[in-house]
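# Kindly return the folded structure for what I paste below:
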Amino acid sequence: MTDAAVLPVLDLNVLIAMYGDDSADTITLALSGFRREATKYVQKLQSAAQQDATADIARVCHSLKSMCGLVGATRLMQLCLTLEQAARQQDLAVLQAQLPALAGVWLTLLAELNRTLLQHGYIDV
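Residues are numbered from 1 along each chain as shown. Purely as a prediction, here's the structure:
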């Protein structure tokens, strides 16, 4: 298992390769859309975690992991992979150990998203 802490918070090279375009318009469109949708998924994940709903944790992590992969949110993507696998295996020890990291990883990513959006001319942060 890769340690999420050593991965970049946001790797724009992934986004650029995925979309085939490094223009500010493409970057801001992709990142602002990701930020909006990922916020909803993180909230759903936190709710599922509070209810110990492992099936919901696995489902939400699977979707969020895929979204992260499209924009290069590698640290959150790795955490989602770990959480998804643990939830599918009903591994409560791993879930209890890893779920507390979610808030910090998300806040770090959110700050990086906002910084990157501002850097590329997006003012609605």
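
# what comes up buried for stretch 82-90?
With burial defined by 16 or more other Cβ atoms under 10 Å, the residues of stretch 82-90 counted as buried are 82, 83, 84, 86, 87. Heads up, the C-betas are built off the backbone N, CA and C, glycines and all.

# can you tell me which helix or strand the second one belongs to?
With elements taken from DSSP states H and E, the one containing residue 83 is helix 74-88.

# Contacts made by that helix with the rest, please.
Here helix 74-88 makes contact (Cβ atoms under 8 Å, 6 or more residues apart in numbering) with 1-2, 4-5, 7-11, 14, 38, 45, 54-55, 57-58, 61-62, 64-65, 68-69, 91-92, 94-95, 98-99, 101-102, 105-106, 108-109.

# Drop anything exposed from the residues you listed.
Burial by neighbour count, 16+ other Cβ under 10 Å: within the contacts of helix 74-88 this picks out 4, 7, 9-11, 14, 38, 45, 54, 57-58, 61-62, 64-65, 68-69, 91, 94-95, 98-99, 101-102, 105-106, 109.

# Please flag which of those sit within helices.
Per DSSP state H, helices hold the following members of the buried ones among the contacts of helix 74-88: 14, 38, 45, 54, 57-58, 61-62, 64-65, 68-69, 94-95, 98, 101-102, 105-106, 109.

# What pLDDT does the model give residue 123?
Confidence per residue is given as pLDDT, and for residue 123 that number is 86.

# which phi and psi does it have?
The phi and psi torsions at residue 123 (degrees, to the nearest 10) take the values phi -100, psi -10.

# ok, it - how many residues close by?
With neighbours defined by other Cβ atoms under 10 Å, the count for residue 123 comes to 7.

# What about residue 90? Give its phi and psi, please.
As for residue 90, its main-chain torsions (degrees, to the nearest 10) stand at phi 60, psi 40.

# same question, the one 10 residues further on
Main-chain torsions, residue 100, degrees, to the nearest 10: phi -60, psi -20.

# neighbours of it, just the number please.
Other residues lying near residue 100 total 9 when counted by other Cβ under 10 Å.

# just checking, what packs against the one helix or strand residue 32 maps to?
Assigning secondary structure by DSSP H and E places residue 32 in helix 24-50. For helix 24-50, the helices and strands in contact under the criterion 3 or more Cβ pairs under 8 Å, 6 or more residues apart in numbering; DSSP states H and E are helix 12-19, helix 54-71, helix 101-119.
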